[in-house]
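> got a sequence here, can you build the structure:
(one chain, ligands or ions: 3)
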Amino acid sequence: MFSKAFSAAIHGIDGMIVTVEADVSDGLPVFDMVGFLGSEVKEARERVKIALKNSGFKIPAKRITVNLSPADIRKEGTAFDLPVAIAILGAFGHLPEESFKDILIIGELSLNGRINKVNGVLPIVYCAMQQGFKKCIIPMENSREGAVVEGIETYGVSTLVEVVKFLNDEETLEPLYIPREEMFKDISHKESMDFSDVTGQRAAKRAIEIAVAGMHNILMIGPPGSGKTMLAKRIPTIMPELSFDESMEISKIYSIAGMLDNQGLILRRPFRSPHHTITTTALVGGGRLPRPGEVSLADQGVLFLDELPEFQKNTIEVLRQPLEDRLVTISRLNGTYVYPANFMLVAAINPCNCGFYPDRNRCNCSINQVKRYLGKISQPLLDRFDICIEAIEINYRELAIKQKEENSEEIRNRVRIAREIQMNRYKDQSIYFNSQLIPRTIKAYCKLDKKDQDLLEEAFIKMNLSARAYHRILKVARTIADLDQSPQIKSKHISEAICYRSLDQKYFGTL
Ligand SMILES: Nc1ncnc2c1ncn2[C@@H]1O[C@H](COP(=O)(O)OP(=O)(O)O)[C@@H](O)[C@H]1O
Ligand SMILES: [Mg+2]
Ligand SMILES: [Zn+2]
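Ligands and ions are numbered 1, 2, ... in the order given. Got it, this is the predicted structure:
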């Protein structure tokens with residue numbers, strides 16, 4: 001007897017339908033599984049056999065062959081346990097085959113027949129819906145991940161027995177559905193953090209607003225306690241709210257990483273702050289079973305690297321590719337995996353080992369020590385930061401004064417307008433933000449009139465700027481003009497943009 005069930009595998013951040021065929025024939029009682037399987041999938045044999053027995057199903061001693069197709073994609077993980085068990089039950093006649101012919105099934109089996117959660121449920125259910133499946137059966141613990149997908153009925157299950165009962169008689173389970181609008185309404189900016197928590201720091205806040213508006217990477221230099229971490233953590237609160245598509249993209253990544261915690265969708269922009277001991281693989285993704293790294297978990301949000309010089313040099317250097325492409329490509333013998341990595345890079349550094357350079361009352365570091373400390377950051381990486389600012393310690397008196405600080409919503413509203421201007425300007429290009437401009441497009445979109453051209457040239461010579469710095473100044477000036485809702489870049493925009501370069505001259509250039 002032969003029977004067929006449907007399941008899915010993950011490739012990159014998308015699901016792909018996998019057919020699970022089971023055949024039962026006379027002959028030596030062996031259980032074979034074929035179809036380009038990873039080691040966990042091969043082990044499904046043992047789990048399925050014992051789970052079936054412990055769930056009360058009699059499996060006669062026959063030859064069982066299970067084939068997972070298509071054969072050219074590698075199947076990994078434990079999510080095929082349940083569809084394999086169902087296909088076998090079909091082949092033995094315990095279940096009518098029509099009962100699961102249009103249902104997508106995933107789940108890991110315990111030896112006692114319980115169904116455990118698996119990774120990647122959201123992209124799988126999404127793919128099933130797109131492929132026209134009407135129903136899906138997924139682990140109860142993942143049920144919210146499936147329930148946010150519209151156009152397919154999602155059934156959460158806890159045991160194999162429950163699944164068999166359901167397939168024999170539809171009435172036993174209710175589909176779960178979570179209306180999207182309500183999820184999005186619920187968050188309605190009940191943020192726990194807000195920019196109004198930060199006293200003073202006008203200049204830093206302004207620079208951050210510009211950075212977010214144009215998606216420019218930003219570097220903050222300043223002594224310990226000057227509020228660098230505090231400012232960084234609040235950056236996602238001034239980014240525009242996530243659209244449904246953005247939320248879906250991030251949620252797929254978290255689902256695959258097993259980090260969705262059954263919350264359905266990620267509704268807030270991510271803020272990822274990996275420790276400086278992080279490995280290259282954990283940062284950019286990869287591993288034997290490819291997994292998204294921090295750069296992908298920060299997709300649509302912020303990747304914060306605190307104490308940048310403390311990171312391993314080679315770990316940091318691998319960031320250059322995702323920063324350039326806004327995605328990560330991982331090559332394996334069995335295929336190439338692509339993960340989104342569209343994040344804003346925010347980094348903080350102390351100016352020296354002790355942290356207080358150039359305050360000579362507190363810092364005894366020699367110029368050479370300071371040089372060596374900051375020299376850990378390579379020029380090419382430094383070049384990725386369009387904006388550099390100094391975080392200055394505010395004094396106790398300033399902290400004590402309760403002046404009214406602007407809140408995140410007010411800043412976010414300005415950011416949104418600047419972003420809409422960029423979207424309109426670049427609607428025929430494949431870019432969204434000023435930070436994505438390249439020399440050719442800078443020429444087209446960042447035109448200056450004669451006197452501003454002169455101003456910039458003068459600074460160029462006086463500050464001994466590189467061609468790269470020149471382009472970055474123009475991109476930032478474009479964003480400042482957009483925040484000002486000015487179609488033309490004016491002198492004041494250029495002057496302000498130059499300020500955000502002069503700092504890395506102070507710390508990195510003239511030492
Ligand atoms: N501008 C500020 N307004 C309010 N609190 C501040 C400010 N700057 C620093 N603090 C306080 O000092 C603490 C240390 O700041 P932190 O962001 O950790 O500094 P850094 O990362 O530069 O070492 C913060 O948690 C906050 O309580
Ligand atoms: Mg800090
Ligand atoms: Zn020092």
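> rest of the way, CA atoms for contacts and neighbours
Will do.
> right, and the helix or strand after the lowest-mean-pLDDT helix or strand in the chain?
In the chain, no helix or strand scores lower on mean pLDDT, DSSP states H and E than helix 396-400, which sits at a mean of 69. Moving toward the C-terminus from helix 396-400, the first helix or strand encountered (DSSP states H and E) is helix 408-425.
> so what touches whichever helix or strand comes after that next one?
Elements were assigned by DSSP H and E; along the chain past helix 408-425, the next helix or strand is helix 439-445. Contact with helix 439-445 is made by 471, 474-475, as judged by Cα atoms under 8 Å, 6 or more residues apart in numbering.
> now the residues you listed as JSON lines including secondary structure and neighbour count?
Shown next, in JSON lines, are those (DSSP: H, G, I helix; E, B strand; the rest coil; neighbours: other Cα atoms under 10 Å):
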{"residue": "471", "secondary structure": "helix", "neighbour count": "18"}
{"residue": "474", "secondary structure": "helix", "neighbour count": "28"}
{"residue": "475", "secondary structure": "helix", "neighbour count": "27"}
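> of all the residues you listed, which comes closest to ligand 3?
residue 471 (32.2 Å; Cα to the ion).
> which residue packs closest to the closest one, ignoring adjacent ones?
Counting by Cα to Cα, 6 or more residues apart in numbering, residue 439 is the residue found nearest to residue 471 once chain neighbours are left out, at 6.9 Å.
> and the one you found, what pLDDT?
At residue 439, the model reports a pLDDT of 91.
> strand partners (parallel or antiparallel) of the strand ranked longest in the chain?
In the chain, taking DSSP state E as the definition, the longest strand is strand 14-25. Here strand 14-25 has these sheet partners by DSSP bridges: strand 2-11 (antiparallel), strand 63-69 (antiparallel).
> pLDDT weak spots in the chain?
186-191, 396-398, 402, 504-505, 509-511 (pLDDT under 70).
> close to ligand 3: what parts of it are there?
Contact residues, the chain versus ligand 3 (Cα under 5 Å from the ion): 352, 354, 356-357, 363, 365.
> quick check: the residue of the stretch 151-300 of the chain nearest ligand 3.
residue 223 (9.3 Å).
> would you confirm that that residue contacts residue 353?
No: counting by Cα atoms under 8 Å, residue 223 stays clear of residue 353, with 10.1 Å between them.
> for these two, indicate the residue with more neighbours.
residue 223 (22 against 17; other Cα atoms under 10 Å).
> how about the more buried one, secondary structure?
coil (DSSP: H, G, I helix; E, B strand; the rest coil).
> and it, what does it touch?
Contacts of residue 223 by Cα under 8 Å, 6+ apart are 350-351, 355-357, 391-393.
> repeat that for residue 116.
Residue 116 neighbours (Cα under 8 Å, 6+ apart): 107-110, 139-141, 158.
> so which of those belong to strands?
108-109, 139.
> need the buried ones from the residues you listed selected in ChimeraX.
A single ChimeraX command selects the buried members of the ones in strands among the contacts of residue 116 (16 or more other Cα atoms under 10 Å):
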select :108,109,139
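> sorry, back to before: from the residues of the chain next to ligand 3, list just the buried residues.
Among the residues of the chain next to ligand 3, the ones that count as buried by 16+ other Cα under 10 Å are 352, 356-357, 365.
> out of these, what pair is the most spread apart?
Using Cα to Cα, the pair of those lying farthest apart is 356 and 365, separated by 8.9 Å.
> mind listing what the residue nearest to residue 375 when sequence neighbours are not counted touches?
By the measure of Cα to Cα, 6+ apart, the closest residue to residue 375 outside its immediate chain neighbours is residue 508, 7.7 Å from it. For residue 508, the contact set (Cα under 8 Å, 6+ apart) comprises 371, 374-375.
> reformat the residues you listed as a markdown table; add secondary structure.
Conversion of those to a markdown table gives the following (three-state DSSP):
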| residue | secondary structure |
| --- | --- |
| 371 | helix |
| 374 | helix |
| 375 | helix |
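> neighbour-wise, which of these leads?
residue 374 (20 neighbours).
> do you know how far that one is from ligand 1?
Computed as Cα to the nearest ligand atom, to the nearest Å, the residue 374 to ligand 1 distance reads 16 Å.
> over to residue 251?
Taking Cα to the nearest ligand atom as the measure, residue 251 falls 29 Å from ligand 1.
> other SSEs contacting the host helix or strand of that residue?
Applying DSSP H and E as the criterion places residue 251 in helix 244-256. Here helix 244-256 touches helix 121-130, strand 291-292, helix 294-297, going by 3 or more Cα pairs under 8 Å, 6 or more residues apart in numbering; DSSP states H and E.
> and the contacts of it?
Under Cα under 8 Å, 6+ apart, the answer for helix 244-256 is 10, 13-14, 119-123, 145, 260, 264-268, 291-292, 296-297, 299-300, 339.
> now that helix: buried residues?
246-256.
> so which pair among those is furthest apart in space?
Longest distance between any two of those is 15.8 Å, between 246 and 256; criterion Cα to Cα.
> verify the stated contact: residue 374 with residue 353.
No: look at residue 374 against residue 353 with Cα under 8 Å: they stay out of range, at 9.2 Å.
> picking that back up, helix 121-130 and the longest strand of the chain, what's the angle between them?
For strand 14-25 and helix 121-130, the angle between their directions (axes from the mean of the first three to the mean of the last three Cα atoms, to 10 degrees) works out to 80 degrees.
> leaving aside the residues next to it on the chain, what's closest to residue 335?
residue 73 (7.9 Å).
> ok, the one you found - contacts?
36, 334-335.
> ligand 1: which of those is nearest?
residue 335 (41.2 Å; Cα to the nearest ligand atom).
> mind checking how far the closest one is from residue 295?
21 Å (Cα to Cα, to the nearest Å).
> out of these two, which sits in the more crowded spot?
residue 295 (31 against 12).
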